[in-house]
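*Asks:* got a structure for you, letters missing:
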């Protein structure tokens, strides 16, 4: 029996409903980061969903999340531009983060950010969070998002921790069904994301 990720299952199950005319609850639309799974991206592209890219191979889709399913927004689903939808989705995410709070855990070397066990990867998009982290670390930071529910980071200048973080990210990416990326990302003081090439 072929195994597919939860996101793939949900998309297959509700794709036809996504195409039907239905009113979108914009207060429940969130940015959803999906990695370079060709199979999933092919499924999503078939529905012409709205998306933008963070870096090569890492996309932001937009979905209305209800208690039991996710409706990916496709072109024409709402009378708003992708920039307007992105702003709205980020505002919804930021409000939820402010309401629920986040938990940062770690041993002083590699840290994990915990949120709701579903949208941790979307925290990449919360600028205030990373501005605060950069201020505390006083260094560029390296971030791993191997799955939608996992986000880890460490200081870029500590090469041993970066090496360990890469190993952790690779192993988690291989073993997790809801994959994002096995690449490491760098967040600079300029507020930009880039891929950290292997050294």
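*Replies:* Received the coordinates, thanks. Quick caveat, the model's predicted, so the values are computed rather than measured.
*Asks:* From now on I want contacts and neighbour counts done on CA atoms only, so please keep to that.
*Replies:* Fine.
*Asks:* Helices of this structure, residue ranges please.
*Replies:* 6-19, 38-46, 82-100, 127-137, 159-175 (DSSP state H).
*Asks:* can you list contacts of the last one?
*Replies:* Outside of helix 159-175, the residues that reach it under the criterion Cα atoms under 8 Å, 6 or more residues apart in numbering are 109-110, 142, 144-147, 152-156, 179-184.
*Asks:* again, 6 Å this time
*Replies:* 146, 179, 182 (Cα atoms under 6 Å, 6 or more residues apart in numbering).
*Asks:* Can you spell out the domain ranges of this structure, please?
*Replies:* Under the assignment automatic domain parsing, the domains of the chain span 6-98, 101-196.
*Asks:* Can you pull the poorly scored residue ranges out of this protein?
*Replies:* By pLDDT under 70, the low-scoring segments of the chain are 1-22, 36-47, 199.
*Asks:* if we go to 50?
*Replies:* Along the chain, segments meeting pLDDT under 50 span 1-4, 9-20, 39.
*Asks:* Buried ones in stretch 120-138, by neighbour count?
*Replies:* Residues 120, 121, 122, 123, 124, 125, 130, 133, 134 are the ones in stretch 120-138 that count as buried (16 or more other Cα atoms under 10 Å).
*Asks:* could you dump the residues you listed to a markdown table with distance to residue 59?
*Replies:* Putting the buried residues of stretch 120-138 into a markdown table (distance: Cα to Cα, whole Å) gives the following:
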| residue | distance to residue 59 |
| --- | --- |
| 120 | 15 |
| 121 | 11 |
| 122 | 11 |
| 123 | 14 |
| 124 | 12 |
| 125 | 12 |
| 130 | 19 |
| 133 | 23 |
| 134 | 23 |
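*Asks:* since we're on residue 183, how many residues are nearby?
*Replies:* Neighbour count for residue 183, taken as other Cα atoms under 10 Å: 21.
*Asks:* For it, which residues are in contact?
*Replies:* By Cα under 6 Å, 6+ apart, residue 183 has no neighbours at all.
*Asks:* again, only using 8 Å
*Replies:* Residue 183 touches 144, 145, 146, 166, 169, 170, 195, 196, counting by Cα under 8 Å, 6+ apart.
*Asks:* And residue 126, by the same measure?
*Replies:* Listed by Cα under 8 Å, 6+ apart, the contact partners of residue 126 are 90, 94.
*Asks:* coming back round to it: pull out the buried members of the contacts of residue 183.
*Replies:* 144, 145, 146, 166, 169, 170, 196.
*Asks:* Dump these into a markdown table; add distance to residue 85 as well.
*Replies:* A markdown table is the format used below for the buried ones among the contacts of residue 183 (distance: Cα to Cα, whole Å):
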| residue | distance to residue 85 |
| --- | --- |
| 144 | 26 |
| 145 | 23 |
| 146 | 25 |
| 166 | 33 |
| 169 | 30 |
| 170 | 32 |
| 196 | 29 |
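*Asks:* Let me know the closest of these to residue 52.
*Replies:* residue 145 (17.3 Å; Cα to Cα).
*Asks:* burial measure for the nearest residue to the closest one once chain neighbours are set aside, as a count.
*Replies:* Excluding its sequence neighbours, the residue lying closest to residue 145 (Cα to Cα, 6 or more residues apart in numbering) is residue 151, at 4.7 Å. Applying other Cα under 10 Å, we find 22 residues neighbouring residue 151.
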